[in-house]
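Chemist: sequence and predicted structure below; questions after.
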Amino acid sequence: QVQLVESGGGLVQAGGSLRLSCAVSGRTVNSLPMAWFRQAPGKEREFVAGISWRAGSTYYEDPVKGRFTISRDNATNTVYLQMTSLKFEDTAVYHCALRARPVSGRLYYAPDDYDFWGQGTQVTVSS
């Protein structure tokens, strides 16, 4: 059984930093595409950052480029999202996601591209 458990959210002032963690059990993170999404109240779930299964290359949505970094630790089977220079508009529930289906050469940006999800962790940025 695949489980994803996020942690690390909280309340932070604008300009501050947080590191989110996603502990994975049931699958090995170094062989699967994974991503972070976020969902603010009244809005759809949106892609934030992804890490591919091949060579661990990373990709980001424009609003977070240069501020957020996705990474994985194969030894602990954990994926991280380091967030710096946080803005009020980063406030949302952040979810990690894992794709278990066969992969192709493309990158995966849509929620439907992923098969397993964590419960989410709240990030609140005060202005």
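Modeler: All right, it came through fine.
Chemist: what sits against the residue nearest the centre of the chain?
Modeler: In the chain, the centroid-proximal residue (C-alpha atoms, centre = their mean) is W36; its distance is 1.9 Å. The contact partners of W36, taken as C-beta atoms under 8 Å, 6 or more residues apart in numbering, are L20, C22, V48, A49, G50, I70, V79, L81, Y94, H95, C96, A97. In short, each C-beta sits where N, CA and C put it, glycine included.
Chemist: so which of those residues belong to strands?
Modeler: Counting by DSSP state E, the part of those found in strands is L20, C22, V48, A49, G50, I70, V79, L81, Y94, H95, C96, A97.
Chemist: OK, contacts around the fourth one?
Modeler: Translated: A49. Listed by C-beta under 8 Å, 6+ apart, the contact set of A49 reads A35, W36, T58, Y59, Y60, E61, V64, F68, T69, I70, L81.
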